[in-house]
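In: sequence plus predicted model, see below.
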Amino acid sequence: MIGICSNRPGGNITGIIHMNVDLGGKRLELLHELVPGATPVAVLSGAAPDFASTYLQQLRAAAAAINVQIEVLAAANSTEIDTAFKNVMQSSAKALLINPGPLFTSRRVQIVTLATRHALPAIYPWREDAVAGGLMSYGPSITDQFRQAGIYAARILKGEKPGDMPVMRASKFEFIINLQTARTLGIEVPPSLLARADEVIE
């Protein structure tokens, strides 16, 4: 039920949209606020081509608005993730933005470990990334989306037709800061960011 693109797809389909494709610019702004001099910013991308194209197009527009350059690095498996980090460290990139995608979710520990090992400030798409040791995350609340999915499932079981139920967009977003990781990286988080965080991991 999660990830449908049309507001009313019809038939027997409904669901919930993550909205992750629209959040790249916000993540870049948060990363820029944490480390203002970080340019270029490396973007680790490994999503499906259509999604990646739309996401990166919006991200480039957001980067231009705040005068930040981005360098896109693609990875399709765990070995290429290792290679991407080696390329980041050999480039002039000062920070890292993780593109949403199933590969990076499944390789969360690998990515967080590499970013910390290389002292690279990074922002991730899911709360679980920050809980695993990532510096910051901003994205939709998976817990809230499962709650919404449960409500829809209950309505369907009571007889409502899925095609008559509009696709819901994610409505709750979480900004998480891992202060322990910030200290490890020698980064002082501005009070303005701490005040806006939904959760601060000590």
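Out: Good, I have the coordinates.
In: and the residue positioned nearest the centre of the chain, how far is that from residue 53?
Out: Against the mean C-alpha coordinate of the chain, by Cα atoms, centre = their mean, the closest residue is residue 125 at 1.7 Å. Residue 125 sits 17 Å away from residue 53, going by Cβ to Cβ, to the nearest Å. In short, each C-beta sits where N, CA and C put it, glycine included.
In: ok, residue 108 next?
Out: For residue 108 relative to residue 53 (Cβ to Cβ), the value is 24 Å.
In: residues contacting residue 88?
Out: Taking Cβ atoms under 8 Å, 6 or more residues apart in numbering as the contact definition, residue 88 lies against 42, 71, 73, 96, 118, 120.
In: is it possible to get JSON lines of those residues that adds pLDDT, distance to residue 137 and secondary structure?
Out: Below are those laid out as JSON lines (pLDDT from 0 to 100; distance: Cβ to Cβ, whole Å; DSSP: H, G, I helix; E, B strand; the rest coil):
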{"residue": "42", "pLDDT": "95", "distance to residue 137": "17", "secondary structure": "strand"}
{"residue": "71", "pLDDT": "93", "distance to residue 137": "21", "secondary structure": "strand"}
{"residue": "73", "pLDDT": "90", "distance to residue 137": "19", "secondary structure": "strand"}
{"residue": "96", "pLDDT": "97", "distance to residue 137": "13", "secondary structure": "strand"}
{"residue": "118", "pLDDT": "94", "distance to residue 137": "18", "secondary structure": "coil"}
{"residue": "120", "pLDDT": "95", "distance to residue 137": "15", "secondary structure": "coil"}
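In: which members of the residues you listed are the farthest-apart pair?
Out: Taking Cβ to Cβ as the measure, these reach their widest spread between 71 and 118, a distance of 14.9 Å.
In: dump the helix or strand residue 27 falls within to PDB, restricted to CA.
Out: Taking DSSP states H and E as the definition, residue 27 sits inside helix 24-34. Presented in PDB, the C-alpha positions along helix 24-34 are these (Å, rounded to 0.1, in the frame of the first residue of the first chain):
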ATOM      1  CA  GLY A  24      16.200  16.300  -1.400                       C
ATOM      2  CA  GLY A  25      16.300  20.100  -1.300                       C
ATOM      3  CA  LYS A  26      15.300  20.200   2.400                       C
ATOM      4  CA  ARG A  27      18.000  17.700   3.300                       C
ATOM      5  CA  LEU A  28      20.600  19.700   1.400                       C
ATOM      6  CA  GLU A  29      19.500  22.900   3.200                       C
ATOM      7  CA  LEU A  30      19.900  21.200   6.600                       C
ATOM      8  CA  LEU A  31      23.300  19.800   5.700                       C
ATOM      9  CA  HIS A  32      24.400  23.300   4.500                       C
ATOM     10  CA  GLU A  33      23.200  24.800   7.700                       C
ATOM     11  CA  LEU A  34      25.200  22.300   9.700                       C
END
